[in-house]
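Undergrad: With the sequence up front, the predicted model follows.
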Amino acid sequence: MMETQSKSNDDAGRVGGVDVAGLERQLASRWRETAAEEVGGKSGVTRVCVANLIVYASAAEARPELDKLLEEVAAQTPTRVILLLADRGGAPRLDASVSTRCRPALRGRRQLCGEQITIEAGGGVIGSVASAVEPLLVPDIAAFLWWKDIPNGEDKLFSRLVEMVERVVIDSAAFDRPREDLSRVASLVASRGEEMRLSDLNWGRLTSWRSLVANFWDVPDYREHLDALDRVEIEYEPSALAPKDVAAQALLAVGWLASRLGWQPSGRRVEDEDGLRVGLASGGREIELALRASGELGVGAIRQVAFRAGAAEFRAGFGAGGATVETSAKIGDAPIVGRVVAYEAKSEGQRLSRELSILARDEVYERAVAAASRLIATNAAGGI
Amino acid sequence: MAATVLENPLREGMRLERTAEPCVVVILGASGDLTKRKLMPALFRLAQARLIPAEFAVVGAARTAMETDAFRAQMRDSVAEFSDEQEIDTQVWESFAQKLYYVTLDISTPADFKGLGALLEKVDREHGAQGNRLFYLSTAPQLFAEAVKQLGVAGLTKSRGWVRVIVEKPFGSDLESARELNRRLHEHLEESQIYRIDHYLGKETVQNLLVFRFANGIYEPLWNRQYIDHVQITNAETVGVEGRGGYYESAGVVRDMIQNHVFQLLSLIAMEPPASLDAEAVRDEKIKALTSARAFTAERVRADCVRGQYGAGAVGGETVVGYCEEPGVAKDSTTETFAALVMYFDNWRWSGVPFFIRSGKRLAKRVTEIAIRFKDAPHQLFGREMMDQVAANQLIIRIQPDEGITLRFAAKVPGQVTRVRDVNMDFRYGSSFGVQLAEAYERLLLDCMLGDPTLYARTDMTERGWEIVMPIIEEWARTTGGVTFPNYEAGTWGPEASDELIERTSRRWRRP
């Protein structure tokens, strides 16, 4: 990751409205100063913007961590960031400030810079703050909303911001009631349909695992075993936010498998100290699904997945130390084929940046969430 | 490959890029530089990116006697030196290294190929490679045909899976040898099994040419003789022959660069829109474009082609020797290290539009770019005094380094009086996409494993390239045409005759 320099401007707008033209003037002035400083040095700056990113976060959010993350995003995807810090329980206020964010380009070339507008809103002002955001969006390029909270279709600000953007990014790893919150996401997706394209950073974290799992059945000789699975085991670290609940990432993984392979609850369900075991049915065949928490509290990340189809076993899991992933495929008495690959340890900034490169609707995710939600709803009848 | 992906319901909607099928890659000539610098680092990165599956192995084969363990150790050093990996995890490397094998093999010895076949059976069984085999011919070019013959005789061009063969450049040294090589390859292989590699086509910006031209609606109406005055392709290197004097003496820049790399770029610029992105549809349009290239007669070679050879000079502040002082080069060599030519396409789109091409070694700057120079505005409203710094609109497509696209147009200089000057609208890969561009070999190896030959040259393309340049090669071999070498100083933009070539049409070379 390249080093990033931040330059801040403390000039602020006034309560009662954001002076949009004034903010743009401040930014222009900021750019002139930055360019003059750099040209006085040697390299000069290039102002780049390939996307708008609206970030909604609570005013209580740890700013240094958020700033660091946004710097990482800027290094990957130069954006205009509109950071909306909401103090819902606080006194009415509306302040705005601008800053530029530069990173040195390669080989001594011009620095590449993005910009940020921070809006701090409190109390009743929050309901109308979306009207201050819209005129600040750079026209003709995609706009994304990173909603750093549990999405709520009833929330006026959320609904208004969703209308402005091409894609909404959430993070189900931050859910403190994963089953309930994931079901709310499923309802939201179902009700909004084409109006809202949703990304989930936690789904991005799962992508690497999904790919490893899918890889097994890319091999023509193994393909038949996918239709004959009789046991699936998913091991995950318990979420620090909901240690007693099944982690959202594991729920998403189950939803994905169920939606892709047509699994339905069969009515068998056991939950004890070894975890949760449910029976799933597919084409007259029963599959035992085991979900097991292990290790220390974390974000609820998956640690290992294992599949069994008679004498065939497929496994992918973290190696010792967690920096690598080991996979193995064992078909009866044939030699075990496996490998060790480095785990894609992406930073959160890299993950968010990755989401900003995707505009299309992710129907596989939507179906996975819907399937997970159905299995959650049938909890008593053998769901998860 | 698409069929496999569709058959796996878990693969649908996967954000990760395409994954190859299981296979064994066999590198013939594995002790050479290409394996160390490019192939093994590319395979390792593909494995790390999980673009190739666990059911994969590499067999290195070469005349050098070596044990598999020594080969593995050598490859580890190569990957560490030539890949961008910051640090190679020991466990990860060991897992990859377990899939590497080495066998001593003399291309002229049939028994060695039998041994290779036995090893492949074993490797296939142990790694579940499904009988899929990719042979990479990284040997000396004169051994390509013999290697394929031996593979054929040993029964290795057929398998229960697929068999593909990548043939490195140079593909022949003239039209006759290229045809002969094609004929001999076709004795043992179907055309669909042959992948003639041109690493230029693996570059992101070259692939972007197709996207740029055919995914944007605004350029197509302008992309013809009505609006384009001329096209310039510059392919300049600052390096000399880098110890390859012996090879270069029998090659020259026309064989080494123009006939393959430059013609690939040329065909992508000149081609008509393909009906689809299917490999054959794209390659059909590329060959159609080259087929309409006006032939070089001896008279046209004298009029429209310029050759040069560098003398001593300085490149980037460093003093360098002339070509004839390079090791392996004859003191009185007449091999060209620079060529400039004008090409025309006799078709509706390009009739009368000159394509100026220049390529050479020891030039002022390392750059490969395509410059599309549009025609002037039909009527100039602004007087000469207002337009003193204005040239025509240009679209510059930079292939390397600093990959990107620049559009140059006129704008008013702020102020009370109207003054106009050129400004650039820049797109740079490095600025807009904060990702590292993949190495050309990674893309091309993966494409071959996926059975996608779009970025590989077809028989007709290689032969057409030779057909176009043969009159130049023959005329220059027949006579020096009064040219005395060296005729340009290292670190400049080639001989004066190159400037004269374009200036006589009242145009000038761009300064890249």
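TA: Received, thanks. Numbers count the residues shown, from 1 in each chain, chains lettered A, B, ... in the order given.
Undergrad: can we go C-alpha only for contacts and neighbour counts from here?
TA: OK.
Undergrad: residue contacts, the closest residue in space to A:S128 that isn't next to it in sequence?
TA: Excluding its sequence neighbours, the residue lying closest to A:S128 (C-alpha to C-alpha, 6 or more residues apart in numbering or on different chains) is A:L157, at 7.4 Å. For A:L157, the contacting residues are A:126-130, by C-alpha atoms under 8 Å, 6 or more residues apart in numbering or on different chains.
Undergrad: Please look at B:P41 and B:R76 and confirm they touch.
TA: No - B:P41 is beyond contact range of B:R76, at 9.1 Å (criterion: C-alpha atoms under 8 Å).
Undergrad: which of these two has more neighbours?
TA: B:P41 (25 against 20; other C-alpha atoms under 10 Å in any protein chain shown).
Undergrad: quick one: pLDDT of the more buried one?
TA: On the pLDDT scale, B:P41 is placed at 94.
Undergrad: touching chain A at all, the strand or helix carrying it?
TA: Using DSSP states H and E, B:P41 maps to helix B:40-48. Yes - shown here: helix B:40-48 in contact with chain A (C-alpha under 8 Å from any C-alpha of the partner chain) through B:47-48.
Undergrad: tell me what that helix is packed against?
TA: Helix B:40-48 sits against strand A:337-342, helix B:68-82, helix B:440-450, with contacts defined as 3 or more C-alpha pairs under 8 Å, 6 or more residues apart in numbering or on different chains; DSSP states H and E.
Undergrad: For burial, what's the neighbour tally of the closest residue to chain B within the stretch 1-150 of chain A?
TA: Closest to chain B within the stretch 1-150 of chain A is A:Q76: 3.9 Å, counting by C-alpha to the nearest C-alpha. Applying other C-alpha under 10 Å, we find 23 residues neighbouring A:Q76.
Undergrad: from what I can see it touches A:R351, true?
TA: No - using C-alpha under 8 Å, A:Q76 is not in contact with A:R351; the gap is 10.1 Å.
Undergrad: what's the distance between A:F158 and A:M164?
TA: Here A:F158 is placed at a distance of 10 Å from A:M164 (C-alpha to C-alpha, to the nearest Å).
Undergrad: could the helices and strands packed on helix B:40-48 go into CSV alongside distance to B:Q259 and mean pLDDT?
TA: Formatted as CSV, the helices and strands packed on helix B:40-48 follow (distance: least, C-alpha to C-alpha, whole Å; pLDDT from 0 to 100):
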stretch, distance to B:Q259, mean pLDDT
strand A:337-342, 41, 91
helix B:68-82, 28, 93
helix B:440-450, 19, 92
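Undergrad: Would you mind saying which of those lies nearest A:E194?
TA: Nearest to A:E194 among those is helix B:440-450; the distance by C-alpha to C-alpha comes to 33.6 Å.
Undergrad: Not counting its own residues, what contacts the closest one?
TA: B:1, B:19-21, B:23, B:38-39, B:42-43, B:45-46, B:51-52, B:134, B:164, B:166, B:195, B:197, B:199-204, B:453, B:455.
Undergrad: And the buried ones among the residues you listed, selectable in PyMOL?
TA: Listed next is the PyMOL selection for buried residues among these, using 16 or more other C-alpha atoms under 10 Å in any protein chain shown:
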select buried, chain B and resi 19+20+21+23+38+39+42+43+45+46+51+52+134+164+166+195+197+199+200+201+202+203+204+453+455
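Undergrad: Tell me which of the contacts of helix B:440-450 fall in strands.
TA: B:23, B:134, B:164, B:166, B:195 (DSSP state E).
Undergrad: Next up, the contacts around the last one.
TA: Read it as B:Y195. B:164-167, B:448, B:453, B:456-458.
Undergrad: buried sites along stretch B:169-184?
TA: B:169-175, B:178-179, B:181-182, B:184.
Undergrad: just the strands in the stretch 251-384 of chain A please.
TA: Taking DSSP state E, counting those that start in this stretch as the test, the strands found in the stretch 251-384 of chain A are A:264-272, A:275-282, A:285-293, A:302-309, A:312-318, A:324-331, A:337-342.
Undergrad: Can you read off the pLDDT for A:W256?
TA: Reading off the model, A:W256 has pLDDT 97.
Undergrad: next one: A:E38
TA: Note on A:E38: pLDDT of 55.
Undergrad: Without its sequence neighbours, what residue ends up closest to A:K148?
TA: A:A57 is the one closest to A:K148 (C-alpha to C-alpha, 6+ apart), at 5.2 Å.
Undergrad: can I assume that neighbour sits in a strand?
TA: Yes - counting by DSSP: H, G, I helix; E, B strand; the rest coil, A:A57 falls inside a strand.
Undergrad: isn't it right next to A:D87, touching?
TA: No - A:A57 sits out of contact with A:D87 when judged by C-alpha under 8 Å, with a separation of 9.0 Å.
Undergrad: which parts of the stretch 151-300 of chain A sit against chain B?
TA: Residues of the stretch 151-300 of chain A lying near chain B (C-alpha under 8 Å from any C-alpha): A:207, A:210-211, A:213-215, A:217-221, A:223, A:257, A:260-261.
Undergrad: If we ignore the residues flanking it in sequence, what's nearest B:A440?
TA: B:G202 (4.1 Å).
Undergrad: Pull the contacting residues for that neighbour.
TA: Taking C-alpha under 8 Å, 6+ apart as the criterion, B:G202 is in contact with B:439-444, B:455.
Undergrad: what do you get for A:V341?
TA: A:324-326, B:47-48, B:50, B:92, B:95.
Undergrad: Could you give the bridge partners of it?
TA: Note on A:V341: beta-bridge partners by DSSP bridges are A:V325.
Undergrad: Quick check, central residue of the chain?
TA: You didn't pick a chain, so chain A it is. A:L201 (1.1 Å; C-alpha atoms, centre = their mean).
Undergrad: if you could check chain B rather than the one you did, that'd help
TA: Central residue of chain B (C-alpha atoms, centre = their mean): B:Y200, 2.3 Å from the mean position.
Undergrad: hang on, that residue packs against B:F263?
TA: No - here B:Y200 does not reach B:F263: they are 10.5 Å apart, not a contact under C-alpha under 8 Å.
Undergrad: just to revisit the earlier point, export the buried residues of stretch B:169-184 to a markdown table and tack on secondary structure?
TA: Putting these into a markdown table (three-state DSSP) gives the following:
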| residue | secondary structure |
| --- | --- |
| B:K169 | coil |
| B:P170 | coil |
| B:F171 | coil |
| B:G172 | coil |
| B:S173 | coil |
| B:D174 | coil |
| B:L175 | helix |
| B:A178 | helix |
| B:R179 | helix |
| B:L181 | helix |
| B:N182 | helix |
| B:R184 | helix |
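Undergrad: mind giving me the domain split of chain A?
TA: By the assignment in automatic domain parsing, chain A contains the domains A:2-165, A:205-381.
Undergrad: could you measure the one residue in the stretch 101-250 of chain A that gets nearest to chain B against B:P471, distance?
TA: Per C-alpha to the nearest C-alpha, A:A214 is where the stretch 101-250 of chain A lies closest to chain B, at 5.2 Å. When C-alpha to C-alpha is the yardstick, A:A214 and B:P471 sit 54 Å from each other.
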